[in-house]
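Undergrad: here is my input, please return the structure:
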Amino acid sequence: MATRHRRFSSRVRGIPSRAPRGGEHQAAKSCQDRPVSHLMLLDTASSECIISNMRRGASIYVRLSTLAADSNTSLRGMVSECRELCARHGLDLVSEHVDEGLSGGVRDRPQFKAWLDDAVQGRAEVLVSWSVDRLTREGLNVAATILDVVEGKAPGTGKKGNHKPVRLIDTRGIDSASGEGWRMQFVVLAEVARAERERIRDRAHAAKTRLAEQRRYPGGPPPYGYRTAENPDGPGRVLVVDETEAAYIRKAADMVLAGQSVYAATKALNEAGSRPRRANAWAITSLRMVLTGDAVLGRMKHRGELARNESGVPLTVWTPILSLEDVERLRALTEPRRTGGPRRRASRVLSGLVLCGACGSRMRVNSTGKEGSRIARYNCAGPGDGRDCRSPVSIAADLLDDHVVSEFLERYGDFPVCRVQEVQRERQGVLEVSEALRHAATEMTLPGADIEALAERVRVLQQRRTELELEPLIEQTETVYTGLEVSEMWEHPDTDLTRRRELISAALSGVKIGPGRRGRKGLDASRVSPLWRGREDQTLVTPDERFPEFKWQFGEVILRS
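TA: Numbers count the residues shown, from 1 in each chain. I've put the predicted structure just below:
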């Protein structure tokens, strides 16, 4: 009997020739479906169907935490390896899901859930991960959910027949189609990842306490009243009292404790020639922070938290400048009076950046004029902060904001925005031991494995890793590109005033305002002197010249948001 041919049309998903704008940083980028005609040959004699060009859809998931300890913590690299894996297996890319800065201990990660949903809803037949031990840090609890999805069961209930089973693969060799042994390997790796998370958390706390006990300074600018010195008891540096600065602190504290105002103490320090670390003169706020802070008590902070002993009591790491009793009294005396309601946020894009050209003080926004026609103006705050300013200046806020923003976008609008994120990298020995542990877990799943010998190997490796962990982590930074330019991020609908302030502050350290002239209408640009970061001559240069200098600043902005 002759073979009859029947033509039909279906829809298949294709991988784009290049990543969409924004690259791997835009999660869940689905490829466009395109109609493709296929020829189905039906042999009525043999009842055998031959279907050409049928490919399976794949969904990629990648997670990058801020405490990445793997040898490959590049988001770009992980996504690229997953795409290459899809290509080797002949898979069509359906979507990519990326969770950035989220711990594997967070169960409800948005893109992780969307990735699993691709399988449940039938959008993908293959789930692809860079490494299955990065899928979760909760061990068996979440591993069971992933197994349910792979086996076609309803997540949570385990009811069979919820959806079609799917295949799970990763770039490290895991493949659910390789036989029953993969389940044991997957579960072991999930538990190793859970233990790793607990280990990192415990070690971070132990390292902070160990540094405090050893009186070592973790780095950064020392607090006012102290200076760094060589550690007499070992490696690293410690803080010692700077007697000159400490004398000013004690003088201000004595004045306030005697009943005088912080304003009076601020003025006295400025007249005596004292200067804070990052300003030309003391302000009420900056002096209050020094007098009531933890540094004058000899306490140390690590990642924003005080070093404490096992009972939770703050440790006195260095010689105190003031007593705890005096600091508690200063806190009570100088606590700002609240008028109710939430704390007022910065209302202008240049708030905190505008400087009086006469005295160098920050200028604050005030409204002047009659009701209904009030005009917002930046005014010198020096006299109100206890500083002597002989020629306080003022300027219209709207005109200044528009002028500086326009120049900012002209200079830096075409800058690629990137993020600089801190990562903690293990010493090479720890990496090698961790890899050996993963290999031992894999060997346990092989037929005829000597479980007793492998368990002993795991015990020895864990002991070796504990010994290596006595050494501190190596903190580094790495740059990740967002695929956006500054002008695009500035105009993006999700970019609010706070983000715009952070962007412009990355390139601008301040704006000095000179004296005005009577009768002048509009903005006198000659009064405005923006202090752009990075170049003393402040001239416009080509993007290739500018980018290496400024990518760090713009990266910090995105990281802090």
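Undergrad: and the closest residue to residue 57 other than its chain neighbours, backbone torsions?
TA: Using C-beta to C-beta, 6 or more residues apart in numbering and skipping residues adjacent in sequence, the residue nearest residue 57 is residue 94, 4.1 Å away. Every C-beta, even on glycine, is put in place using the N, C-alpha and C of the backbone. Note on residue 94: backbone dihedrals following degrees, to the nearest 10 are phi -90, psi -50.
Undergrad: for residue 418, see how far away residue 94 is.
TA: 28 Å (C-beta to C-beta, to the nearest Å).
Undergrad: strands of the stretch 201-350 of the chain, residue ranges please.
TA: Using DSSP state E, counting those that start in this stretch, the strands of the stretch 201-350 of the chain run over residues 226-230, 237-241, 301-302, 305-306.
Undergrad: which one of those strands lies closest to residue 357?
TA: Minimum separation from residue 357 across those (C-beta to C-beta) falls at strand 226-230, 32.2 Å.
Undergrad: tilt between that closest one and strand 237-241?
TA: 140 degrees (axes from the mean of the first three to the mean of the last three C-alpha atoms, to 10 degrees).
Undergrad: can you list the buried residues in strand 226-230?
TA: 226, 228 (16 or more other C-beta atoms under 10 Å).
Undergrad: name the helices or strands packed onto it?
TA: strand 237-241 (3 or more C-beta pairs under 8 Å, 6 or more residues apart in numbering; DSSP states H and E).
Undergrad: partner strands of the strand it packs on, parallel or antiparallel?
TA: Each strand paired with strand 237-241, and its direction, by DSSP bridges: strand 226-230 (antiparallel).
Undergrad: what sits up against the partner strand?
TA: Here strand 226-230 makes contact (C-beta atoms under 8 Å, 6 or more residues apart in numbering) with 217, 222, 237-242, 245, 295, 318.
Undergrad: thought residue 97 was touching residue 123, still the case?
TA: No: judged on C-beta atoms under 8 Å, residue 123 makes no contact with residue 97 at a distance of 11.5 Å.
Undergrad: need the overlap of contacts for these two.
TA: Joint contacts of residue 123 and residue 97 (C-beta under 8 Å, 6+ apart) are residue 59.
Undergrad: now stretch 82-102: mean pLDDT?
TA: Taken as a whole, stretch 82-102 has a mean pLDDT of 88.
Undergrad: same check, this time on stretch 252-260
TA: Here the average pLDDT along stretch 252-260 is 90.
Undergrad: list the buried residues for that stretch?
TA: 252-253, 255-256.
Undergrad: check stretch 280-296 too.
TA: Buried residues in stretch 280-296 (16+ other C-beta under 10 Å): 281-284, 286-288, 290-293, 295-296.
Undergrad: tell me which of these is nearest to residue 110?
TA: Out of these, the member with the shortest distance to residue 110 (by C-beta to C-beta) is residue 293, at 37.8 Å.
Undergrad: that's a helix at residue 165, yeah?
TA: No: counting by DSSP: H, G, I helix; E, B strand; the rest coil, residue 165 is not part of a helix but coil.
Undergrad: what's the separation between it and residue 95?
TA: Counting by C-beta to C-beta, the gap from residue 165 to residue 95 is 19 Å.
Undergrad: neighbour-wise, which of the two wins?
TA: residue 95 (21 against 15; other C-beta atoms under 10 Å).
Undergrad: three-state assignment of the more buried one?
TA: Strictly by three-state DSSP, residue 95 counts as strand.
Undergrad: check residue 389 too.
TA: coil.
Undergrad: what's the local residue count around it?
TA: Counted with other C-beta under 10 Å, residue 389 comes out at 18.
Undergrad: does it touch residue 355 like I think?
TA: No: assessed by C-beta under 8 Å, residue 389 is found out of contact with residue 355, at 11.4 Å.
Undergrad: mutual contacts of the two, please.
TA: residue 361.
Undergrad: would you turn the buried residues of stretch 280-296 into a markdown table with pLDDT?
TA: Rendered in a markdown table, the data for the buried residues of stretch 280-296 read as follows (pLDDT from 0 to 100):
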| residue | pLDDT |
| --- | --- |
| 281 | 85 |
| 282 | 89 |
| 283 | 85 |
| 284 | 85 |
| 286 | 88 |
| 287 | 92 |
| 288 | 91 |
| 290 | 94 |
| 291 | 95 |
| 292 | 93 |
| 293 | 92 |
| 295 | 92 |
| 296 | 94 |
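Undergrad: higher neighbour count, residue 123 and residue 97?
TA: The neighbour comparison of residue 123 against residue 97 (other C-beta under 10 Å) goes to residue 97, with 23 against 15.
Undergrad: quickly list the domain ranges of this structure.
TA: Taking automatic domain parsing as the domain assignment, the ranges for the chain are 4-200, 226-334, 354-418+478-560, 430-472.
Undergrad: quick one on the thing from earlier: quick one: buried ones out of the contacts of strand 226-230?
TA: 217, 222, 237-239, 241-242, 245, 295, 318.
Undergrad: please point out which parts of stretch 324-337 sit buried.
TA: Quick answer for stretch 324-337 (16+ other C-beta under 10 Å): 326-327, 329-330, 334.
Undergrad: where does residue 499 fall, secondary structure wise?
TA: Assigning secondary structure by DSSP states H and E places residue 499 in helix 497-507.
Undergrad: in terms of contact, does residue 408 touch residue 508 like I think?
TA: Yes: counting by C-beta under 8 Å, residue 508 is a contact partner of residue 408 at 6.7 Å.
Undergrad: before we move on, the earlier item: just give me the closest of the buried residues of stretch 252-260 to residue 146.
TA: Using C-beta to C-beta, the buried residues of stretch 252-260 come closest to residue 146 at residue 253, 58.4 Å.
Undergrad: contacts only, for the closest one.
TA: Contacts of residue 253 (C-beta under 8 Å, 6+ apart): 291, 322, 326, 330.
Undergrad: need the max-distance pair from these.
TA: 291 and 326 (9.0 Å).
Undergrad: follow-up on the earlier one: can I get the domains of the chain in JSON lines with distance to residue 347?
TA: Shown next, in JSON lines, are the domains of the chain (distance: least, C-beta to C-beta, whole Å):
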{"stretch": "domain 4-200", "distance to residue 347": "29"}
{"stretch": "domain 226-334", "distance to residue 347": "17"}
{"stretch": "domain 354-418+478-560", "distance to residue 347": "6"}
{"stretch": "domain 430-472", "distance to residue 347": "43"}
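Undergrad: alright, that wraps it up for me.
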